[in-house]
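> What would the 3D arrangement of this be:
(2 chains)
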Amino acid sequence: MNSRIILVNVVRWFLLLSVQVLLLRNMSFYNLATPFTYILFLLLLPFGIPNLLLYLIAFGTGITLDAFYDTLGVHTAACVTLAFVRILFISVSVSRDNFDEPEPSLGHMGFRWFALYAVLCTFSHHLVLFFLEAFKLTELSYTLLRCLLSAIFTLFTILLVELIFFNRKMR
Amino acid sequence: MRNLWIFINRYNAFFLFIIFFTIGVVLTVKNNAYQRSVTFNSTNEVVGLAYENLNIFKRYVNLGTVNDSLAKENAKLNTQLLAIQNVDTAKLVTVKDTVNAVQFTYLAARVIKNSITLRNNVITINKGTADGIQSGMAVISAGKGVVGLIRDVSPHLATIESLLNKNTKISVSIKSTKALGSLVWGERNSDYSKAYIKDIPNHFKVKLGDTIVTSGFGSFPPGIPVGRISNRGIATGDNFLTIEINLFNDFSTLQYVYVIKDKFAQEQKELESKLPNEQ
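Numbers count the residues shown, from 1 in each chain, chains lettered A, B, ... in the order given. Here you go, the predicted model:
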């Protein structure tokens, strides 16, 4: 069981990151909305994962993305922020008896919970990402607009992916 | 101690977040040119203000020596002025184009931050774009030789890539033989009173104690004194000499510098950019 979870996550990591790097990297609307669907990998890591391991995985994922985006550190910081928000949200919203669910996916947790979870995580990730990229507050409204539109785009793709694989994961 | 450990353990998510996030931001700033430049500039303004205030005190302490050097320079300029005034102008027939003859103008600036102990030393001065300073301009000190080249400019401050910097290369020549070479610092030594001249062809006779001046190629006007040859026999194994010189300039007590505005710098640059790139 345990090795199966690891295998699934490794495969998911490779799939999502290659889609991100090979396909979505070239995709953007007027340089305003860019999808970062790879964060779905961090969202779908199993519940029982220790905090340190989660941070390390987030760090590794971010730094891999940065290598491809030539922005060393930006995605790393954003992914670490996402991990922090994820821990906070799960500790607040998931009760102990829900922990027997393997992972926080749409199929296991229901649409409302997953949508809120994805919205919070995506926004925190994108906020850090775009503000680190801009690195100044003078273009605040432009940065916020990019952040908002990209988050909507990302959320759309994440929900799309989750809905496509919805039936398979349904118990 | 145990309580502290329990406290950290309970909120480990937060502490781990701080650690990893800091690493991320540090990586961002260290490895991305744009973010680094923003950080550098904004901190530089803060730091610049602090140094400016510190300098008000330091200037007062050094008032005596500065006075002396100013008096000396005054005397020198006065003698020059006398020499000019005493020229018999009635004999001159040709009209000199004095507007274009003045190619170089000097702008005095005060050093507000200086270092001599680092590998790459940078000097900050209190003049910036508001006074017409641009990146790449030459900087000299009062009567004692080259200081460096302007690197970054903000509205009221500018940084100088000091001669005591690995990246600074200045074209110089030996005054007596006119042999050209490039002045570098820091490859072998980190003594702020010494520098090296490279790329002088082997067939030139080099005498100890010869004066080195700027060649006039590059941003510096020709003939600005740089130093005196102190060691001529540094074996390099190729066809060029490497010479050690003692710098005239004492970088440790630098207080006022002159930024040189070259009137034709822009014109020269445009003209030379028309040349085909021969690589």
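> helix, strand or coil for residue 35?
With no chain named, the answer covers chain A. Assigned by DSSP: H, G, I helix; E, B strand; the rest coil, the conformation of A:Pro35 is coil.
> What of B:Thr124?
Using three-state DSSP, the secondary structure recorded for B:Thr124 is strand.
> Identify the residues contacting it.
Neighbouring residues of B:Thr124 by C-beta atoms under 8 Å, 6 or more residues apart in numbering or on different chains: B:44, B:48, B:51, B:111-114, B:157-160. The C-beta positions use only the backbone N, C-alpha and C, and glycine is treated the same way.
> again, only using 6 Å
Applying C-beta atoms under 6 Å, 6 or more residues apart in numbering or on different chains to B:Thr124 gives the contacts B:112-113, B:157, B:159.
> Drop anything exposed from the residues you listed.
Neighbour-count burial (16 or more other C-beta atoms under 10 Å in any protein chain shown) applied to the contacts of B:Thr124 gives B:112-113, B:157, B:159.
> Please list the members of these that lie in strands.
Cross-referencing the buried ones among the contacts of B:Thr124 with the strands (criterion: DSSP state E) gives B:112-113, B:159 as the overlap.
> wait, which of the residues you listed is closest to chain A?
Using C-beta to the nearest C-beta, the shortest approach to chain A within these belongs to B:Thr159, at 20.2 Å.
> Ranking helices and strands of chain B by mean pLDDT, which lands last?
Within chain B, judged by mean pLDDT, DSSP states H and E, the helix or strand with the poorest mean is helix B:98-101; its value is a mean of 56.
> the helices in chain A, which residues?
A:2-18, A:39-43, A:51-69, A:74-93, A:106-109, A:111-134, A:140-164, A:166-169 (DSSP state H).
> Relative to chain B, which of those is closest?
Across the helices of chain A, closest to chain B is helix A:74-93 (C-beta to the nearest C-beta), at 2.9 Å.
> end to end, how far does stretch B:133-152 reach?
Between the opening and closing residues of stretch B:133-152 lies a distance of 10 Å (C-alpha to C-alpha, to the nearest Å).
> What lies in contact with it?
Outside stretch B:133-152, the residues that touch it by C-beta under 6 Å, 6+ apart are B:73, B:127, B:153, B:158-163, B:168, B:219-220, B:224-226, B:248-249, B:257-260.
> so which residue of the stretch 51-200 of chain B comes closest to chain A?
B:Ser154 (15.0 Å).
> wait, doesn't A:Leu155 sit right on A:Thr122?
Yes: between A:Leu155 and A:Thr122 a contact is recorded at 5.4 Å, counting by C-beta atoms under 6 Å.
> rewinding a little: let me know the closest of the ones in strands among the buried ones among the contacts of B:Thr124 to A:Asp66.
Out of these, the one with the shortest distance to A:Asp66 is B:Thr159. That distance is 29.3 Å, counting by C-beta to C-beta.
> Once you drop chain neighbours, what's closest to the residue of the stretch 51-200 of chain B closest to chain A?
Distances taken as C-beta to C-beta, 6 or more residues apart in numbering or on different chains put B:Gly128 closest to B:Ser154, at 5.2 Å, once the chain neighbours are dropped.
> ditto for A:Phe130
Across the structure, with C-beta to C-beta, 6+ apart as the measure, the residue nearest A:Phe130 apart from its sequence neighbours is A:Cys147 (4.5 Å).
> what's the one you found in contact with, if anything?
A:126-127, A:130.
> Tell me the most packed of those residues, by neighbour count.
Neighbour count (other C-beta atoms under 10 Å in any protein chain shown) singles out A:His126 as the most crowded of the contacts of A:Cys147, with 26 neighbours.
> right, and it touches A:Leu149 too?
No: counting by C-beta under 6 Å, A:His126 does not reach A:Leu149; the two are 9.5 Å apart.
> what residue lies at the spatial centre of the chain?
Unless you meant another one, I'm taking chain A. A:Ile39 (2.2 Å; C-alpha atoms, centre = their mean).
> Next, the contact list for that one, please.
The neighbourhood of A:Ile39, defined by C-beta under 6 Å, 6+ apart, consists of A:82, A:125.
> And B:Ser37, how far from A:Lys136?
Using C-beta to C-beta, to the nearest Å, B:Ser37 is found at 11 Å from A:Lys136.
> Quick check: residues of the stretch 1-150 of chain B near chain A?
Contacts of the stretch 1-150 of chain B with chain A, taken as C-beta under 6 Å from any C-beta of the partner chain, map to B:12-13, B:16-17, B:20-21, B:24-25, B:27-28, B:31, B:35, B:38.
> where in the chain is pLDDT low?
You didn't say which chain, so I picked chain A. The model of chain A has pLDDT under 70 over residues A:1, A:96-100, A:166-171.
> The intended chain is chain B.
Where chain B drops to pLDDT under 70, the residues are B:38-46, B:82-102, B:143, B:187-189, B:233-237, B:277-279.
> residue farthest from the centroid of chain A?
Here chain A has its C-alpha centre computed as a mean, and the residue farthest from that point, by C-alpha atoms, centre = their mean, is A:Thr138 with 27.4 Å.
> Please tell me how far that one sits from A:Pro104.
Distance of A:Thr138 to A:Pro104, given as C-beta to C-beta: 37 Å.
> on that earlier part again, to B:Asn62, which of the helices of chain A lies closest?
Comparing those against B:Asn62 with C-beta to C-beta, the closest turns out to be helix A:111-134 (43.3 Å).
> Helix A:140-164 and the closest one, what's the angle between them?
What separates the directions of helix A:111-134 and helix A:140-164 is an angle of 140 degrees, with axes from the mean of the first three to the mean of the last three C-alpha atoms, to 10 degrees.
> ok now helix A:111-134, how far from the chain's centre?
In this view, helix A:111-134 has its centroid 8 Å away from the chain centroid, taken as C-alpha atoms, centre = their mean, to the nearest Å.
> go on, stretch B:31-40?
Averaged over its C-alpha atoms, stretch B:31-40 has a centre that lies 22 Å from its chain's centre (C-alpha atoms, centre = their mean).
> before we move on, what about stretch B:262-279?
Per C-alpha atoms, centre = their mean, the displacement of stretch B:262-279 from the mean C-alpha position of its chain is 22 Å.
> buried stuff in it?
Buried residues in stretch B:262-279, counting neighbours by 16+ other C-beta under 10 Å, are found at B:262, B:265.
> List of residues touching it?
Residues outside stretch B:262-279 that contact it (C-beta under 6 Å, 6+ apart): B:103-104.
> and if you look at stretch A:78-92?
Applying C-beta under 6 Å, 6+ apart, the external contacts of stretch A:78-92 come out as A:39, A:42, A:54-55, A:58, A:61-62, A:117, A:120-121, A:124-125, A:128-129, B:13, B:17, B:20-21, B:24.
> repeat that for 7 Å
A:39, A:42, A:47, A:51, A:54-55, A:58-59, A:61-62, A:104, A:117, A:120-121, A:124-125, A:128-129, B:13, B:17, B:20-21, B:24 (C-beta atoms under 7 Å, 6 or more residues apart in numbering or on different chains).
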